[in-house]
Structure formats: structure tokens, C-alpha cells
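# task: produce atomic coordinates for the following.
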Amino acid sequence: MSSKVYRIFCFAIIVVCASLSVRHIHPNLTGDGLEYLLMSEAFLDHGTPEITEKQFEAINKYAPNHGTNISSVAKSHPLNVFPPFYKDRQGKIYSYHFWLYPLLVAPFLSLVKIAGYSMPWAFIWFNMVMALVASWAIYSCAVIPRVPRLLILSLFWSCGTIPYLRWTHPEVFTAALLALALTNYSGKRYAGAALFSAIAAQQNPPAIFLTAIFLIFDFIKHCCRKKSMAFPSYARVLCWSGCILVSLVSTIFFWAHFGVYNLIAHAGMSKFELISLGRLFSFYFDINQGMIILLWPFMALAPVLLAMNIWHSGFRRKADLANFFFLLFLSILLAVPALSTTNWNSGGSYVMRYAYWASVPALFSSAYLFFEKKYIDKIYMAVVCAFLAQNWVYSRYPERYDYLVYNPWARFVLNHAPGLYNPAPEIFIERGRHEEGWNNSGIYMYSDRGEIRKILLNTSVNNISRVLCSDGQAAMKYVRSSVRAEAAWSYYNLGTGCRSGWGSGFSRYSMPDLMPSLIGFGSTDSKFYTGGWSPAESNHRWSTGQDSNIVFALKEIPKNGLGVMIEGAPLGRQRAKVSINGHAIFNGRIPENGFPYLIIDGAWLNRATNILSFHFPDAHPPGNGDMRALAFAVTSIHLYVLKN
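Numbers count the residues shown, from 1 in each chain. I've put the predicted structure just below:
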């Protein structure tokens, strides 16, 4: 490819992608943008990242902000909320995110104010500058051939730069710095690579591992000879010391002010026990937010190119193959610490934000699969065009890839082959509910055309046998497979036939948020069992006849009602109708391991006498000579106050 054609293609890629980045943009605070905005305002006001009420007043009173979400976000995050704000040893308030990114945004914030634009534009302008600087570095990196540079350039914009450029967040900042680091690495300028990685590590700490590796490479390059060791120059030692110092700036700051090395980890927002192979797989291949969503043309093609590379050159190009696998290793090295985040459905746009910047080493690995063949040039250019077309499609329908909805591919798999997609519970629940948050007591379902296809529950609290279809049939009857997820969560994938009663889409089973047990009694507590019950046996009590009652009193009536957990087992296939003071709360077939969780409306309760009535139409003798008509053996009953 000639130099002129190469320049035209580079210019076209940058113009198209940059235009898509700001297409139909409506600047607002995203993610942790409030903290970064307050810190930038603090730097303009008094030259430090200390946040005071004055910064809140400044962003609320600034007239161009009135068309944004800044005021509403500021109201929901006052200075006395910890996190994200913490008081240091002197009583000054700082964010638990580091201040380097907002420090660099501060000059752009000043320009935005002069121009009369809303404050989020400062982040967009700065992010665009960082993206353009990274693009220039890729364009001018003479060590890498021109065609793979075009692919890297299109990958850099496609892997997340386009959607994240409008974020008031340091994702583009980190990705651009890593791109600068890797252009230096490709030219064997390891000290420069270490410095850019060290700067990136101030906002995304996993980058510090790259700093350490690049410093080791620089040491080997300048001090290790074939048969002897050479002493480094003073300039080289000073360079290394500077990289180390830069990489430790945030750690030193937080230790000096708070006595901890990382305030985010100290706040409980990172838990190392969450790191797992399942999350690592999710990081790259989750069809809702994994890296593969945006890089699928390259990730699908890479194994083919690798095989062709080996076939054409054998293992003569060992250095290129080593670089290819080394850069993939660097991507994984960046990913592993990010797996510890407690916010896994991380407010990402298209892909989760950690996967975006951690993908940068993988992008550069494509250069080392390139070799001089005309059809390889055509393959690379076809992939470049595929990414540009993909970017255009994605930018037209941003609402389809929001972090609180299933994207089209995920919905297709959940509808037609639910057993193939078993994501981290947070992804399944929050995208299904279209809001953040969940609790362990919930039973969450995905339905297609009125049929339940997938159920998620926490086995430490719930049991699939308690879940019923809308006709009273046990959902367990339709389960085709089950998969363990994080902690005690488990997925149950259902075949067709279990009607949901909620139509298509996502639903939460009528499972209460429970307070500690208000009343709990076992089968031997005879005072509760008034009629239709046999005498207590070793650990259970049988219902006799078709009608049985339990009576209990309350000191006060719970405003939100009661949750009822009835443990036991039916005698074969049994139906039941359960009511409280004449109000039906269950009517259907009893699951094998007992009733599902039942809910009692507070308006149906009395203080002195409450009658929980059971009607068992299928009660019958067990067939062992016992003539009693039995239906259900109860082991214990618990009544819970509902939280909501």
C-alpha cells in the first residue's frame, strides 16, 4: 500500500469514527462522572482535588448545565455519602477515585465555561484529544506495517472508543495511554511504554503490571549482554525511578491521606474472592457485555490467521508469534484484577468498561499475525471495512446495547437455547429488571411467549422445587439442565410447557424480601395445629382428611404483610388450596419438596386469631394398611415480616 493511499485510509477511519462518537450526543454525567466533575471544578477553584460544598453550588448554578442530569445526580450523592466521598485525617473530603484524570480535564472545563457549553463537554473534548493522540501514534508507528496499522486503528475505535468517548469517565484516557505504551513497545522503547502504563495505572490500577514488565524488558535491553552484565547509566536509572514514582502516585496519595493503599478496595468495591475462571470467560465472551461483542470479526479471524501464519512460515517467525501470544497475555493480565469488582454489570456501553481498555493489547497482537501476501492485505482491509460498518450500525441503535437491557443476540439465545447462556447473576438480573440491584431471596425468570425458559435463584435461600408454573405444576418438571453460577446462585434451563403468567420477558417470582422469622414452629408444636392433623411423629405431622387448619396470633399486624414458608413433602401428587382468614394465597399442585413461598396481605390479618386453612382434594390412604386420608407431611412453618 502506497503512503498516499495509507494516509487517505487513516484519515477516513478517524473522521468516520470520530463523527459517530459525537453523533446525536446529549452530554450528561455517566458512571462516576459527578466525582470527576467536582474534582475538575475543585482544581479550577483552589488548585487541589479537595471537594467542598462550593463545588456542588458551582455546578448547580452554572446555567448551561440545566439541560443535563447534573443537578439530579448531585442531589443523590451529597458530600456526606460514603462512598464515594471520604474524609481524610484532617477532615478534608476527597473522592475515592484518583484525581489525575480530572486534573487533566480541568483546562478543558475552563474552555467549556468560556464557550458557554454544559460542563460534560469538557470530558468529551478531552477524551477526543486523547483518542486522536492515540490514533496519531498508531498512524506514525513505522515499526508496524501499514495494513495492520489500519486494522489496529479501526480496532482501537471499534473496541469501545466510539461509545465511551461521550462518557465522563477515564476509559478513553486509559485506552489511549495503553495504545501509546504499546506503540512504544513495538519499537522496543520499553521505558516509554512503562511511563505511559504508569500514568494509565493512576485511574485503572491493573496497568501497573504492564509498567513492571516493560521496566524489566528495559533493564534486560540495557544491562544484560550475552556473557556479562552492564551497569545502567545514571540517566537510565533516573528514568526507571521516574516510572516507578509515577506508578505509585495514587498509592502515596491515599496512604498519606487515609492510611490505605487503595480507597476503592478499602470501601469494599473490590473483592478478590470474586476472581474466577467463569468471570474471566465472561470478560471476553459474554454476549451482553464481553469483549467479543465489538471485536468478533477479529477474534473470529485471529485463529485462522495464526494457522495460516504457521502454515506459510513454519516457526521461522518465532519472534512474531511470541509477541502475538505475549500481547494476549498482557490483555489477560489487565483483565484478572478487574474481575474482583463488585459491580460486574458495570454500567458499560456496548461492552463493559474494563473489557474496553483491557482489549488494547489484543488489538496490537493483530500486527504480529500479518505477513506479506496479497490476499492477507485483502483480508485485513475486509476486516477494517467490517468494523466501520459495525460501528455505523451500533451507533444508530444505542438503546439496544444499554447495560440495563439484553442486547439482540442475548435475547435470541435466551429465547431459543437458554442453556447456552448462563452469565454472572448480576448481568442476568439487572438487564432483565431494567434497573440496578437485586437480593438473595429473589427468584428471577426469563420468559418467551409466555413460557418460562430460564430461572435463577440462590440455593442458600431457595429451592427450585418451590417454584410453580402458572397452572400450579412444579417448574422442576420442565428443567432440562442446571448450571452453577457465582456464590450459591444456580441457573435452571427449562424446556417448553411451563407457562409463566407474566407474558414474555423478565419477571421476578412472588418471593418476598424477608425480615427475620416472626413466628416459627415445628411439627411438635401442637398449639398451632387445631384441626385436620394427626399427632406429631418424630420430625413431621401429617394432614388428615381434606381440610386442615393452623391458628396463630400476632402482637401487631405487619404493615407490609407476611411471607410464609411451609416445609414438608406431599404424599405423591397432591393439589392444595391455601387461604388465610378466607383469602386464597395458593391454589395448585404442591411441589415435591413443599409449598412455594406464599405472601399474606397485611389487610387480611387479625391480631387475636388468624386461621391458615388447607384444602387437600387428593388426600388418600398411603396404601400400607393405614386408613387415614393423608396429603401433606409438614416439618416446620415460618412466618416472616415483609420488607416491601
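# so, low pLDDT: which residues of the stretch 51-200 of the chain?
Across the stretch 51-200 of the chain, nothing is flagged by pLDDT under 70.
# just for the stretch 301-450 of the chain, where's the confidence low?
Scanning the stretch 301-450 of the chain for pLDDT under 70 picks out 314-316, 347, 441.
# what are the ranges of the strands in it?
Using DSSP state E, counting those that start in this stretch, the strands found in the stretch 301-450 of the chain span residues 443-448.
# all helices of it, in order?
Secondary structure of the stretch 301-450 of the chain (DSSP state H, counting those that start in this stretch): helices at 318-338, 353-358, 360-365, 374-396, 408-416, 425-433.
# which strands and helices sit next to the second one?
I take that to be helix 353-358. helix 171-186, helix 277-285, helix 318-338 (3 or more C-beta pairs under 8 Å, 6 or more residues apart in numbering; DSSP states H and E). From N, CA and C alone the C-beta is placed, and that goes for glycine too.
# relative to Asp377, which of those is closest?
Nearest to Asp377, of all the helices and strands packed on helix 353-358, is helix 318-338, at 16.7 Å by C-beta to C-beta.
# that closest one: how far from the chain's middle?
Distance, stretch centre to chain centre, for helix 318-338: 23 Å (C-alpha atoms, centre = their mean, to the nearest Å).
# list the buried residues in that helix.
Of the residues in helix 318-338, 320-321, 323-324, 327, 330-331, 333-335, 337-338 count as buried by neighbour count, 16 or more other C-beta atoms under 10 Å.
# show me what it is packed against.
On a contact count with 3+ C-beta pairs under 8 Å, 6+ apart, helix 318-338 meets helix 208-223, helix 277-285, helix 292-313, helix 353-358, helix 360-365.
# ok, and which of the ones you listed has the densest surroundings?
Most buried of these, by mean neighbour count (mean count of other C-beta atoms under 10 Å): helix 353-358, with a mean of 28.
# hang on, Pro27 packs against Arg166?
Yes: the criterion here is C-beta atoms under 8 Å, and Pro27 meets it with Arg166 at 7.1 Å.
# joint contacts of these two?
Ile124 (C-beta atoms under 8 Å, 6 or more residues apart in numbering).
# check contacts around Pro617.
Counting by C-beta under 8 Å, 6+ apart, Pro617 has contacts 546, 575, 577.
# what number of residues lie near Ile244?
15 (other C-beta atoms under 10 Å).
# distance of it from Phe214?
Distance of Ile244 to Phe214, computed by C-beta to C-beta, to the nearest Å: 12 Å.
# now do the end-to-end distance for stretch 40-56.
Start-to-end span of stretch 40-56 (C-alpha to C-alpha, to the nearest Å) is 12 Å.
# I'd like the distance from that stretch to the chain centre, please.
Computed by C-alpha atoms, centre = their mean, the separation of stretch 40-56 from the middle of its chain amounts to 31 Å.
# next one: stretch 15-32
21 Å.
# likewise stretch 604-617?
44 Å.
# kindly report the same for stretch 257-266.
For stretch 257-266 - counting by C-alpha atoms, centre = their mean - the centre lies 23 Å from the chain centre.
# what comes up buried for it?
Of the residues in stretch 257-266, 257-258, 262-266 count as buried by neighbour count, 16+ other C-beta under 10 Å.
# got the CA positions of that stretch in PDB?
What follows is stretch 257-266 as a C-alpha-only set of coordinates in PDB (Å, rounded to 0.1, in the frame of the first residue of the first chain):
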ATOM      1  CA  HIS A 257      -4.500  10.900  53.500                       C
ATOM      2  CA  PHE A 258      -6.300   7.800  54.500                       C
ATOM      3  CA  GLY A 259      -3.700   5.200  55.600                       C
ATOM      4  CA  VAL A 260      -4.800   2.700  52.900                       C
ATOM      5  CA  TYR A 261      -3.200   1.900  49.500                       C
ATOM      6  CA  ASN A 262      -6.400   2.000  47.600                       C
ATOM      7  CA  LEU A 263      -9.600   3.700  48.800                       C
ATOM      8  CA  ILE A 264     -11.900   1.800  46.400                       C
ATOM      9  CA  ALA A 265     -10.700  -1.600  47.600                       C
ATOM     10  CA  HIS A 266     -10.900  -0.300  51.200                       C
END
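# quick one on the thing from earlier: between the helices of the stretch 301-450 of the chain, which gets nearest to Leu20?
Among the helices of the stretch 301-450 of the chain, the nearest to Leu20 by C-beta to C-beta is helix 374-396 (4.3 Å).
# which residues touch the closest one?
Defining contact as C-beta under 8 Å, 6+ apart, one finds that helix 374-396 is touched by 1, 9, 13, 16-17, 20, 23, 147-148, 150-151, 154-155, 157-158, 162-163, 294, 297-298, 301, 305, 308, 350, 370, 401.
# counting residues, which strand of the chain comes out longest?
strand 630-642 (DSSP state E).
# for it, packing partners?
strand 514-522, strand 541-544, strand 547-552, strand 562-570.
# how deep is Phe123 tucked in, by neighbour count?
Phe123 is flanked by 30 other residues according to other C-beta under 10 Å.
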